[in-house]
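J.: Quick one: sequence plus predicted model below, questions after.
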Amino acid sequence: MTTPATDPVPLLQELIRINTTNPPGDEGACVAHIAEILAQCPEVDVQVLGPDDNRTNLVARFPGRGEAAPLLLHGHSDVVPVTGQDWLYPPFEGLLVNGEVWGRGAIDMKGGLAMMLSALMRLREAGERPAGDVVLAVVADEENGSRVGAGYLMNNHPELFDGIRCAIGEEGGAGIELGGCRFHPVVVAEKRACWLRITLRGPSGHGSRLAPPDSAVAKLGRLLTVLSGVRLPRHQTDAADRMLAALAAALPEPLDEAVRRLRADRVRDNIPAGLPLEEALYLDSVLRHTINPTVVRTTEKINVVPGEISVDLDGRILPGEFSVADFTAELRELIGEDVQVDLLLEGSKVEPAALAEPEFGDFYDCLVEILTKADPDAVPLPMITPASTDARLFAQLGIRCYGWLPMKLPAGTDYRSLLHRANERIPVEALEFGTQCLTELLRTYRYTNC
């Protein structure tokens, strides 16, 4: 029999019911709720920090046995909006329906926070301590740049993370479904954001007259044609190579051969053949920088041919030594040198989480061992995520970060694809599986190198 503090299901329901949609965030109520739970643990040092009472972060240090260096568990409390989405059940009621907890944040990532906190509380209830001190960081603002969340903590309170060498955080949307196999992602590297704005200019005029061929609208049409579905040059990193090798080894024929061809062909210009489209696009996106036009801004007057149009681009740079200059040079090959390009945001440049050859390190091995024991029929898979998480910030403190929130999900299901979408939900069994894995990690983790 578990108490509510050690059961991730009611805890997740409570967290979902605290609306932390970002913007505006208002994560303070969620942090206060978790702080109230931790108030029953006098041995745990709890600090609530942030730029104001509505945008707060919680950092709690659980004392360990001193057999390993401190470990960081980090998760964000904010969620994305539900505007314009058609939900089968209300997104902020945390309903339990047919063995699933429904609501915004169930996967991304209040479900992960519930697993982390429940694992810590289970150890405490059993009279145990983790192998080393565990720092739980519940941070704000991850869905909107992390400025008042992990960024605030890193810039203002880095001392709270002294001595930490490894961290566990969210998977960042990593996940793959192929050949009826169940894979457990272990994210070892992330792409980083490079958001750009292109400004197009040309003669303006009255909407009743034909626009000239050098108008901003004509240039917009040419730009969008060039960038829609564009595939930039391929760069295969060590992390991607290991990911593809492990994936090919686990898959049945003919999928295994398709992945081997993808791994071997380093200049392929076509979408990978022999794989389902969604998985092919995912794998292709971690082998090259990506760029997508996402926002177009111009006049709101229907009868005016605009003289200026801006286009915002969501760019993602591969992990490793690639720079913004490298990325924009590839973009310039497509759009030319005479187009104005401004940098809006550059994601933090950090090294991949674990690239020591030939192994990723004994902490990575520990993660794999726990997954293999808990789910012998599944395959732990080292992955690159095309998104970015707060790991990019904590890594700047010298912490090696892994995306690892185990969920035992039936093959053929699409739970991981529901983050940011309508009807986000998580099976109760997946929550319990993740909590058990995290509890075992806290009890037994080790590392001599990460």
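T.: That came through, no problem.

J.: any idea how far the residue nearest the centre of the chain is from Val186?
T.: Among the residues of the chain, the one closest to the centroid is Gly172, at 1.8 Å (C-alpha atoms, centre = their mean). Look at Gly172 and Val186: by C-beta to C-beta, to the nearest Å, they are 12 Å apart. Every C-beta, even on glycine, is put in place using the N, C-alpha and C of the backbone.

J.: Quick check: neighbours shared by those two?
T.: Gly403 (C-beta atoms under 8 Å, 6 or more residues apart in numbering).

J.: thinking again about what came up before, for the residue nearest to the centre of the chain, what are its contacts?
T.: 187, 190, 385, 387-389, 391, 403.

J.: Apply 7 Å and report the result again.
T.: 187, 190, 385, 387-389, 403 (C-beta atoms under 7 Å, 6 or more residues apart in numbering).

J.: Then Asp284?
T.: 271-272.

J.: Which helix or which strand is home to it?
T.: Using DSSP states H and E, Asp284 sits in helix 277-285.

J.: same thing with Leu343?
T.: Counting by DSSP H and E, Leu343 is part of strand 340-346.

J.: A strand includes Arg443, no?
T.: No - according to DSSP: H, G, I helix; E, B strand; the rest coil, the state of Arg443 is helix, so it is not within a strand.

J.: Is it correct that it is in contact with Gly132?
T.: No - in this structure Arg443 lies outside contact range of Gly132 using C-beta atoms under 7 Å: 11.0 Å.

J.: Show me which of those two is the more surrounded one.
T.: Gly132 (24 against 17; other C-beta atoms under 10 Å).

J.: ok, the residue nearest to Thr444 when sequence neighbours are not counted to Leu441 distance?
T.: Counting by C-beta to C-beta, 6 or more residues apart in numbering, Thr444 lies nearest to Ala131, which is 6.4 Å off, once chain neighbours are set aside. As judged by C-beta to C-beta, Ala131 and Leu441 stand 9 Å apart.

J.: before we move on, what about Thr237?
T.: 26 Å.

J.: Of those two, give the one with the bigger neighbour count.
T.: Leu441 (24 against 19).

J.: and the more buried one, what does it touch?
T.: Ile370.

J.: CA atoms of the next helix or strand along the chain from the helix holding Asp284 as CSV?
T.: Using DSSP H and E, the helix or strand that follows helix 277-285 in sequence is strand 290-297. C-alpha atoms of strand 290-297 as CSV (Å, rounded to 0.1, in the frame of the first residue of the first chain):
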residue,chain,number,x,y,z
THR,A,290,17.3,21.5,-39.9
ILE,A,291,15.4,24.6,-40.7
ASN,A,292,11.7,25.3,-40.9
PRO,A,293,9.8,28.5,-41.7
THR,A,294,7.3,28.9,-38.8
VAL,A,295,6.1,32.6,-38.6
VAL,A,296,5.4,35.1,-41.3
ARG,A,297,4.7,38.8,-40.4
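
J.: quick one: contacts of the helix or strand following strand 290-297?
T.: Later in the chain than strand 290-297, the nearest helix or strand by DSSP H and E is strand 304-305. The contact list for strand 304-305, computed with C-beta under 7 Å, 6+ apart, reads 204-207, 211, 215, 217.

J.: I'd like the distance from strand 304-305 to the chain centre, please.
T.: Distance of strand 304-305 from its chain centroid, counting by C-alpha atoms, centre = their mean, to the nearest Å, is 41 Å.

J.: Quick check: mean pLDDT of it?
T.: What strand 304-305 shows for mean pLDDT is 94.

J.: go on, stretch 112-128?
T.: On average, stretch 112-128 scores 97.

J.: can you list the residues that contact that stretch?
T.: 5-8, 11-12, 15, 34, 41, 62, 73, 75, 77, 129-130, 134, 136, 138, 170, 405, 431, 434-435, 438-439, 442-443.

J.: Kindly format the C-alpha coordinates of it as PDB.
T.: Presented in PDB, the C-alpha positions along stretch 112-128 are these (Å, rounded to 0.1, in the frame of the first residue of the first chain):
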ATOM      1  CA  GLY A 112       8.100  12.800 -15.000                       C
ATOM      2  CA  LEU A 113       8.100  15.100 -12.000                       C
ATOM      3  CA  ALA A 114       5.600  12.800 -10.300                       C
ATOM      4  CA  MET A 115       7.900   9.800 -11.000                       C
ATOM      5  CA  MET A 116      10.900  11.600  -9.600                       C
ATOM      6  CA  LEU A 117       9.300  12.800  -6.400                       C
ATOM      7  CA  SER A 118       7.500   9.500  -5.800                       C
ATOM      8  CA  ALA A 119      10.800   7.600  -6.200                       C
ATOM      9  CA  LEU A 120      12.500   9.800  -3.600                       C
ATOM     10  CA  MET A 121       9.600   9.500  -1.200                       C
ATOM     11  CA  ARG A 122       9.500   5.700  -1.600                       C
ATOM     12  CA  LEU A 123      13.100   5.400  -0.500                       C
ATOM     13  CA  ARG A 124      12.500   7.700   2.400                       C
ATOM     14  CA  GLU A 125       9.400   5.700   3.500                       C
ATOM     15  CA  ALA A 126      11.500   2.500   3.300                       C
ATOM     16  CA  GLY A 127      14.000   4.000   5.700                       C
ATOM     17  CA  GLU A 128      16.700   4.100   2.900                       C
END
